[in-house]
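Asker: need the 3D shape of this:
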Amino acid sequence: MTIDRIDVGRLVLCDLCNADWTDRKESGGFLFVSKGVCPTCAPGFEAEVKSCGEEEFIRGRCIPGMSFADWVRELRGGDNSIVIRSGEDAL
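Answerer: Reported below is the predicted structural model:
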């Protein structure tokens, strides 16, 4: 049972530092499992990932020359919603 659906529109936040990247033009960053890691957090976080041997969990990297925000919006594939589900539904 879906409890709630929140449309975040164009909003893009880093899943690590929560910085707002919605209108920033900088390129860089990557997707770690399902977390968008911004260009600012990427170098330090990637070093931690490598030190733990978890590179296989980096699922994609921002396309060079594309802004991090545009890249994240492209990953969403037009679905800009956060869906909150009950615990039974998540299984």
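Asker: buried residues in stretch 39-47, which are they?
Answerer: Residues of stretch 39-47 classed as buried by neighbour count (16 or more other C-beta atoms under 10 Å): 39, 40, 41, 42, 45, 46. Using the backbone N, CA and C atoms, a C-beta is placed for each residue, glycine as well.
Asker: so what's the model's average confidence on that stretch?
Answerer: Confidence for stretch 39-47, expressed as mean pLDDT, is 98.
Asker: and what of stretch 59-69?
Answerer: pLDDT averaged over stretch 59-69 gives 98.
Asker: start to end distance for it?
Answerer: End-to-end distance for stretch 59-69: 17 Å, by C-alpha to C-alpha, to the nearest Å.
Asker: so what touches it?
Answerer: The contact list for stretch 59-69 (C-beta atoms under 8 Å, 6 or more residues apart in numbering) reads 10, 12, 21-34, 36, 38-39, 71, 74-75.
Asker: can you list the buried residues in that stretch?
Answerer: Neighbour-count burial for stretch 59-69 flags 62, 67, 68, 69 (criterion: 16+ other C-beta under 10 Å).
Asker: from these, which land in helices?
Answerer: The helices, defined by DSSP state H, take in 68, 69 from these.
Asker: save the buried residues of stretch 59-69 as JSON lines, and put in distance to residue 84 too.
Answerer: Output for the buried residues of stretch 59-69, formatted as JSON lines (distance: C-beta to C-beta, whole Å):
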{"residue": "62", "distance to residue 84": "27"}
{"residue": "67", "distance to residue 84": "28"}
{"residue": "68", "distance to residue 84": "25"}
{"residue": "69", "distance to residue 84": "23"}
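Asker: and the gap between residue 54 and residue 20?
Answerer: 27 Å (C-beta to C-beta, to the nearest Å).
Asker: sorry, wrong one. I was asking about residue 43.
Answerer: For residue 43 relative to residue 20 (C-beta to C-beta), the value is 20 Å.
Asker: would you list every one of the helices in the chain?
Answerer: 42-51, 68-76, 87-90.
Asker: select, out of those helices, the one closest to residue 5.
Answerer: Closest to residue 5 of these, according to C-beta to C-beta: helix 87-90, at 12.7 Å.
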